[in-house]
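Novice: Have a look at this prediction, sequence included:
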Amino acid sequence: MKLTGKLADRDPFPSFSPAPWIAVLFPLSLSPLLILWAGLLGLAAAAADGRGNSTEHRPVTPINLDLYHSSIRLIGEINDLVRRHPDKLTMDTIKAGNKGYRSELAVVTYCRGRKDVDSNSKFRILLSFGQHGRELITSELALRILSILSEEEFLDKVDTVSLNSFLDKLVIKVVPMENLEGRKLVEGGDLCERRNGRGVDLNRNWSVDWGKKEKDYDPYEENPGVAPFSEPESQIMRKVATSFNPHIWVNVHSGMEALFMPYDHRNTTPPGLYSVKMRSLLEDLNRLHCHNRCMIGSGGGSVGYLAHGTATDYMYDVVRVPMAFTFEIYGDGEASSRDCFKMFNPTDLATYNRVLSDWSAAFFTIFKVAPKHIDDVSSQVTVSSPKKWESMDDYLEGYLMERSSRYGKKMEVLDLGMQEIRTYFRLFLLSFVLLMFMFCSRISKSKSLRPSMPSISL
Ligand SMILES: [Zn+2]
């Protein structure tokens, strides 16, 4: 979630310092009186300052290092976990960079009994955490989920046998810290930083509706970068998503409690059966794990602002992930907008544990029930009525998707701009029809004018 009304608690009473101009106006002989007067004015100014600057001077909450791992320790712990459970977990570190800026992403893959089953025959889930630097709690949740998957920690009231029966059918990829460079800035003291190491918001750098700016656009919060996928982190994520081709995508954030589905750049949800299933799943999660407190609906329709160039809209529209979500797992609405650690992360042990237990349970509910939702829709689509007439646009879109996925670059071609391709196709059809018309009319004309010729030349 981005900060809105960031300037709201700026100081309305600029501080007043009397000393310099008093020294110029009064001769030195009056210095004892001057000191007294300046002192009184100083006290009055300090009182005014105390009133007006109450939020400005309120101390901000530092990162609670008793609860939270540093980025290095968190990745280290995940590394150790992977090393202890080679039968279930593997980890890749993917690096990318441009123009002197580099980043790397750890991608952990969970797959029980990897050796006997082809991972393509399984149900695929992709989860990303820590896309925004200041949302530390999300990466803690990634570690908790991986610990439960490797059976070093356990969910309340869930036995391992029933858990394993549905985990056998899944391959889960987890990106525990998408924005490592931004996270380092937060750990260095810039507690409100959400962008990457060079100031780009990684959740505005994707190509769906990229670069559009709303009236409340604040570059400190949501700078989209110089072009779609200009950032190494987004390039790596796109590569992971298109090669893995997941059935479910969840982008995990904090700043509020919400369960969002597409779209972020419109205030509507998409049409179709998957949309119905997505909403139904979110309603179940809200009831079972969010104490009915979570906001549900399209990101753009619920959060109070439209977001352009987001990962979830790309996953849904371009990668064609059937169920794509953004979860917001915690927020302290009472915290001052300068107090970012407190606003985006639990600060006490009880809340920290409650958030991690509730949300890891929510993810295991997804692992259990979401494959059934997707199977339901695909069986309905397969049994569905005879193929209806399609519009030219639908046909073309389907054709392009099919072709591009055949070559393993699903929908990439659509990045070039569906609109442009449609326009060129229409122009091509129109000119073809015109040419045919001219050709036919010429033939019929020449037939009528041509004198009859003997069939054998002389
Ligand atoms: Zn966020």
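Specialist: The structure has been received and is ready for your questions.
Novice: near the ion, which residues of the stretch 51-200 of the chain?
Specialist: Residues of the stretch 51-200 of the chain lying close to the ion (C-beta under 5 Å from the ion) are residue 132. All C-beta spots, glycine's among them, are computed from the backbone N, C-alpha and C.
Novice: need the strands for the stretch 51-200 of the chain, in chain order.
Specialist: 89-98, 101-110, 123-129, 170-175 (DSSP state E, counting those that start in this stretch).
Novice: helices or strands up against the shortest one?
Specialist: For strand 170-175, the elements it packs on are strand 101-110, strand 123-129, helix 136-149, helix 232-244, helix 349-382, judged by 3 or more C-beta pairs under 8 Å, 6 or more residues apart in numbering; DSSP states H and E.
Novice: Enumerate every residue touching the residue in the stretch 1-150 of the chain that the ion sits nearest to.
Specialist: Residue nearest to the ion within the stretch 1-150 of the chain: residue 132 (3.6 Å; C-beta to the ion). By C-beta atoms under 8 Å, 6 or more residues apart in numbering, residue 132 lies in contact with 179, 182, 194, 195, 201, 202, 203, 253.
Novice: Over to residue 170?
Specialist: Per C-beta under 8 Å, 6+ apart, neighbours of residue 170: 110, 111, 122, 123, 124, 125, 367, 371.
Novice: how about the residues of the stretch 201-350 of the chain near the ion?
Specialist: Counting by C-beta under 5 Å from the ion, the stretch 201-350 of the chain sits next to the ion at residue 253.
Novice: Which among the helices and strands packed on strand 170-175 is found nearest to residue 290?
Specialist: helix 349-382 (7.0 Å; C-beta to C-beta).
Novice: tell me the angle the closest one makes with strand 123-129.
Specialist: Per axes from the mean of the first three to the mean of the last three C-alpha atoms, to 10 degrees, the angle that helix 349-382 makes with strand 123-129 is 140 degrees.
Novice: Just want the angle from helix 349-382 to strand 170-175.
Specialist: 130 degrees.
Novice: elements contacting helix 349-382?
Specialist: Using 3+ C-beta pairs under 8 Å, 6+ apart, helix 349-382 is in contact with strand 123-129, helix 136-149, helix 160-167, strand 170-175, strand 248-253, helix 273-289, strand 323-330.
Novice: So, low pLDDT: which residues of the protein?
Specialist: 5-57, 114-120, 382-427, 440, 443-458 (pLDDT under 70).
Novice: Walk me through the domains of it.
Specialist: 8-58, 71-382, 390-442 (automatic domain parsing).
Novice: Tell me which residues touch the closest residue to residue 207 other than its chain neighbours, please.
Specialist: Distance criterion C-beta to C-beta, 6 or more residues apart in numbering; nearest residue to residue 207, sequence neighbours excluded, is residue 228 at 3.7 Å. Going by C-beta under 8 Å, 6+ apart, residue 228 touches 205, 206, 207, 210, 211, 309, 415.
Novice: Tell me if I'm right that the third one and residue 313 touch.
Specialist: Pointing back at residue 207 there. No: here residue 207 lies out of contact with residue 313, judged by C-beta atoms under 8 Å, at a distance of 9.3 Å.
Novice: Looking at those two, which one has more neighbours?
Specialist: residue 313 (28 against 20; other C-beta atoms under 10 Å).
Novice: Which helix or strand contains that one?
Specialist: Counting by DSSP states H and E, the element that carries residue 313 is helix 311-317.
Novice: List of residues touching that helix?
Specialist: 128, 131, 202-203, 206-209, 234, 237-238, 241, 246, 249, 251, 260, 262-265, 270, 299, 321, 324-326.
Novice: Closest to residue 3 out of the contacts of residue 132?
Specialist: Once C-beta to C-beta is applied, the member of the contacts of residue 132 that ends up nearest residue 3 is residue 194, at 8.3 Å.
Novice: Right, I'll leave it there.
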